[in-house]
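Q: next one to model:
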Amino acid sequence: MIVRSNPESGLEMTDQAWFESDADSNDAAIREIDTEAARHGLVRLREYWLQTRRLPDGRIVRRGFCYRPDESDLANQV
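A: From the prediction side, this is the model:
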């Protein structure tokens with residue numbers, strides 16, 4: 001399951017984000033992150049092994065970085 005993202009909200013309005021999954025394996029985490037990213041119009045970088053880290057509560061999560069594949073005008077709005 002996706003447990004965190006950055007940014008936490010407004011994912012439809014960002015060009016970059018990361019998602020963390022607590023899936024049992026790297027492959028399962030990749031599938032979960034790909035699905036969540038697609039819901040927001042993002043795609044995951046094509047890394048084979050996601051970053052793995054331990055949360056303060058002891059859970060292991062895997063982080064995938066994502067981007068918006070088409071050019072948006074967000075940079076010009078800042």
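Q: tell me which helix or strand the residue sitting nearest the centre point of the chain sits in.
A: To find the centre residue of the chain, average its C-alpha atoms and take the closest one (Cα atoms, centre = their mean): that gives residue 19, at 2.7 Å. Applying DSSP states H and E as the criterion places residue 19 in strand 16-21.
Q: remind me which residues of this protein are low pLDDT?
A: When the per-residue scores of the chain are filtered using pLDDT under 70, the ranges that remain are 71-78.
Q: quick one, strands of this structure?
A: In the chain, the segments counted as strands under DSSP state E are 2-6, 16-21, 43-44, 51-54, 60-67.
Q: contact partners of the third one?
A: With Cβ atoms under 8 Å, 6 or more residues apart in numbering as the test, strand 43-44 has contacts from 30, 33-34, 37, 64-69. All C-beta atoms are positioned from the backbone trio N, CA, C, and that covers glycine.
Q: farthest pair within those?
A: Farthest apart among the contacts of strand 43-44 by Cβ to Cβ are 30 and 68. That separation is 18.7 Å.
Q: how about the residue nearest to the centre of the chain, what does it touch?
A: With contacts taken as Cβ under 8 Å, 6+ apart, residue 19 has the following neighbours: 2, 4-5, 32-33, 36-37, 63-64, 66.
Q: same thing with residue 60?
A: By Cβ under 8 Å, 6+ apart, the contact list for residue 60 reads 22, 52-54.
Q: need the longest helix for the protein.
A: In the chain, with assignment by DSSP state H, the single longest helix is helix 26-39.
Q: neighbours of residue 4, how many?
A: The local packing count at residue 4 equals 13, with neighbours defined by other Cβ atoms under 10 Å.
Q: rewinding a little: which of the contacts of strand 43-44 count as buried?
A: In the contacts of strand 43-44, burial by neighbour count holds for 30, 33-34, 37, 64-66, 68, counting by 16 or more other Cβ atoms under 10 Å.
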